[in-house]
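Peer 1: no sequence on this one, just coordinates:
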């Protein structure tokens, strides 16, 4: 690291000299300054592993080398050289050489969940259910205060879950769906106003059920695929048994709890 920082300083110093030569406008001075800049760049590049070589260093090396051999070609080469210097001046000066080393992991669970959640439009379907329930409550065609109160609590619960985790969405929806449909069946008389809303709730509920199952299946497949490509032991993923996700366990526990409450 000390050597990298030392050679980085040499690059910065020769870079400043190159800019001064450009400001002076003397072609020979620019050529000589570029030669010194190239030497410093290659010296730095030689002590940085290829995987850690920043984009700005690669670009400056490329254009400094081109200018050294093609500066007689005219303004095109000169302009590319100058643009490279200008575009890379900030990253050259601010590089901290941390290399961003991280422990190797099998997969990023948050990313896998976020991708599945987005692909199957879970948040969007959740929002559609919430909007329909809000309309059903606000239109004033439910004559039971208890039903209105319960729908309000269910809607608030779904709204909080939709801004939370994927497992929170699964648990809340699987618990709330039957309650919502039961309340609609018992207390909502379908009219020209409420009929389309109820139909929208039923249609969206079915879509949400399907999307949640597809999302969980995708997460399971992505986990197995990512892990199998990195794990080296033969016993790691040799069976056909499905991956059991924590969110599945939680959602099933919620279903059991709901069934128990219904019996009571």
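Peer 2: Structure received. All values reported here derive from a predicted model rather than from experimental measurement.

Peer 1: In the stretch 51-200 of the chain, where is pLDDT below threshold?
Peer 2: 71-74, 99-104 (pLDDT under 70).

Peer 1: Going by neighbour count, list what's buried in stretch 135-154.
Peer 2: By 16 or more other C-beta atoms under 10 Å, the buried positions in stretch 135-154 come out as 136-137, 142, 147-148, 150-151, 154. Any C-beta I mention is one placed from the backbone N, CA and C, and that applies to glycine too.

Peer 1: before we move on, what about stretch 112-125?
Peer 2: Quick answer for stretch 112-125 (16+ other C-beta under 10 Å): 112-113, 116-117, 120, 122, 125.

Peer 1: sorry, back to before: which of the buried residues of stretch 135-154 sits closest to residue 32?
Peer 2: residue 154 (76.6 Å; C-beta to C-beta).

Peer 1: secondary structure class for the closest one?
Peer 2: helix (DSSP: H, G, I helix; E, B strand; the rest coil).

Peer 1: The residue lying closest to residue 109 once chain neighbours are set aside: neighbouring residues, count only.
Peer 2: Among residues not flanking residue 109 along the chain, residue 223 sits closest, at 7.7 Å (C-beta to C-beta, 6 or more residues apart in numbering). By other C-beta atoms under 10 Å, the residues close to residue 223 number 18.

Peer 1: what's the answer for residue 186, then?
Peer 2: 9.

Peer 1: Residue 49 now?
Peer 2: 7.

Peer 1: Any figure for the gap between it and residue 162?
Peer 2: Remark: distance between residue 49 and residue 162 (C-beta to C-beta, to the nearest Å) = 44 Å.

Peer 1: where do the helices sit along the stretch 1-150 of the chain?
Peer 2: Secondary structure of the stretch 1-150 of the chain, counting by DSSP state H, counting those that start in this stretch: helices at 2-24, 27-46, 55-70, 75-87, 89-94, 109-119, 122-138, 145-162.

Peer 1: Tell me which of these lies nearest to residue 198.
Peer 2: helix 122-138 (7.6 Å).

Peer 1: Tell me the gap between that closest one and the middle of its chain.
Peer 2: How far helix 122-138 lies from its chain's middle: 25 Å, per C-alpha atoms, centre = their mean, to the nearest Å.

Peer 1: For that helix, name the packing helices and strands.
Peer 2: The contact analysis (3 or more C-beta pairs under 8 Å, 6 or more residues apart in numbering; DSSP states H and E) places helix 122-138 against helix 145-162, helix 166-187, helix 194-228.

Peer 1: right, and those - which one's nearest residue 30?
Peer 2: helix 194-228 (50.5 Å).
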